[in-house]
Every structure is written in C-alpha cells, then in structure tokens.
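> no FASTA, just this:
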C-alpha cells in the first residue's frame, strides 16, 4: 500500500466506508482515527497490506459508529464551512495553502479566498497561523470592544487573547476579559455576540435569567449567534 491510498470496507448497514491509509515512521502499531473528513488507518511503514486490511476488517463496528456519529453531527451544516482543506476567516471559508519557507508569514487574499502560510516546518506553521489570527482578533477587539463598552457604560481592567480549543471568552472577578485567539474565524455578528456576552458578565458573573435578559436587550440576535457557535464552533480548528 502506498501512502494516502484508500481502501473500503462494507459495514453491517450495507454501506461501504472509505478508509485512508496513512503510513507513518513514528507509528508502532496500527490504529484508527476518525474526524468529520473521514476514517484514517495509521499504519507503520513495514506493515503488510494483508495485516493492515485484517486490522481494519476487525474494527468494522467501531468504523460504523464513527461514520454514524459524524454523519449525525454534520447533518444540516453548510458543507463549505466544514470542508477539508478550508480554513475560516470572519465566517467565510478560505483555501489554505502551505509553503515551505525560511521566514514565517501569512498572505491573505480576499479576492482569491486563499490564506497562504509560509513556514519552515509544521511546528512553526502552527505558531504562524495562531499569530495571524491573534493579530486580526486583536484588531477586531480594539475596534469593537470600545464601541460596546461605551454603549453599555461598562469598564474592565485588561484584555488577554489566548488559544483555547473550545472556550470563546471569559470574564474574571477582577474584571479581566479573556478571548480566544480564533475569534477572527467567526462571522462579525457572532464576534459581537461574544463581546457583549463577556462585557455583561461585568454586571452578572453568571448565566442567570437576568443575565440572558440583558444579553437579549443589548444583542437581540444572540440566540441565532449561539446556534451558529453550537453548530460550527466544534469544527473550527487549526489546519
């Protein structure tokens, strides 16, 4: 089997599942992984095709459960927003292009809908992408948080921007606000909701009925924005 070869197995529901074979120098044993893009068999380089297929066939039940799960959680979603090889910026899907380079920088082309990342290796690539989003998130917060804090007549101490896997924002007892570096992946209306949400925690540091009434009063579309986050937030990650 060559790297990135595909094979298929017929599952108990009669559907055939495609499995991508990924050969690895680091893998010590065969393993399976699944995400919204498909099922992957991670195979040590010296593994024979027969051994790999025998392992995959023995995991049909796990494969069926994984396929069923990801079909369920992606049902009804805009496929362009969760498509493999795409990355979100301000709620729009962009092609991601990776170029090996000694310098680290990112080129954003709105006309081509492409984000090109220059970096010497995978480790630097991740840091470069995070820094790209950090710069844009910082710019957005500088612009928008002044507007909303003035409108709400609320003061805070400081803002920090960090990379989190799932949390989009938080507010501390010391009136410090924290936002996810990936905030700039989201549509502007969702970003505004998160900013208003965290600012209002300066008034109510909980999620009481009074808190949600304040959110609705100051951001009437908050329910739609929360729904967008529930639907697409779990799929936003670094490439």
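Cool, the structure landed. Bear in mind that the values here come from a model prediction, so they are computed numbers and not experimental data.

> Domain map for this protein?
With domains defined by automatic domain parsing, the chain comprises 5-74, 83-127, 136-235.

> would you turn the ones you listed into a markdown table with mean pLDDT?
Compiled in a markdown table, the domains of the chain are given as follows (pLDDT from 0 to 100):
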| stretch | mean pLDDT |
| --- | --- |
| domain 5-74 | 90 |
| domain 83-127 | 93 |
| domain 136-235 | 95 |
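
> mind listing the helices in the chain by residue range?
49-58, 60-74, 122-152, 188-200, 209-218, 222-232 (DSSP state H).

> Could you identify which of those helices is most buried?
Comparing those by mean neighbour count (mean count of other C-beta atoms under 10 Å), helix 188-200 comes out on top with a mean of 21. Yep, even glycine has a C-beta here, placed from its N, CA and C like the rest.

> could you give the angle of that helix to helix 122-152?
Calculated by axes from the mean of the first three to the mean of the last three C-alpha atoms, to 10 degrees, helix 188-200 forms an angle of 70 degrees with helix 122-152.

> now the angle between helix 209-218 and helix 188-200, please.
140 degrees.

> what residues does helix 188-200 touch?
For helix 188-200, the surrounding residues in contact (C-beta atoms under 8 Å, 6 or more residues apart in numbering) are 90-91, 140-141, 144-145, 148-149, 152, 154, 156, 168-171, 177, 179, 183-184, 186, 211, 214-215, 218-219, 221-222, 225-226, 228-229.

> Can you tell me the closest non-neighbouring residue to residue 173?
Excluding its sequence neighbours, the residue lying closest to residue 173 (C-beta to C-beta, 6 or more residues apart in numbering) is residue 205, at 6.8 Å.

> Backbone dihedrals for residue 84, both of them.
phi -60, psi 140 (degrees, to the nearest 10).

> Distance of it relative to residue 187?
21 Å (C-beta to C-beta, to the nearest Å).

> Residue 74 versus the residue of the chain most remote from its centre, what's the distance?
In the chain, the residue that sits farthest from the middle, by C-alpha atoms, centre = their mean, is residue 50; the gap is 35.6 Å. In this view, residue 50 and residue 74 are 33 Å apart by C-beta to C-beta.

> swap in residue 113?
22 Å.

> Repeat that for residue 185.
From residue 185 to residue 74 the distance is 18 Å (C-beta to C-beta).

> which other residues reach stretch 112-131?
Contacts for stretch 112-131 (C-beta under 8 Å, 6+ apart): 87, 89, 92-109, 132, 163, 181, 238-239.
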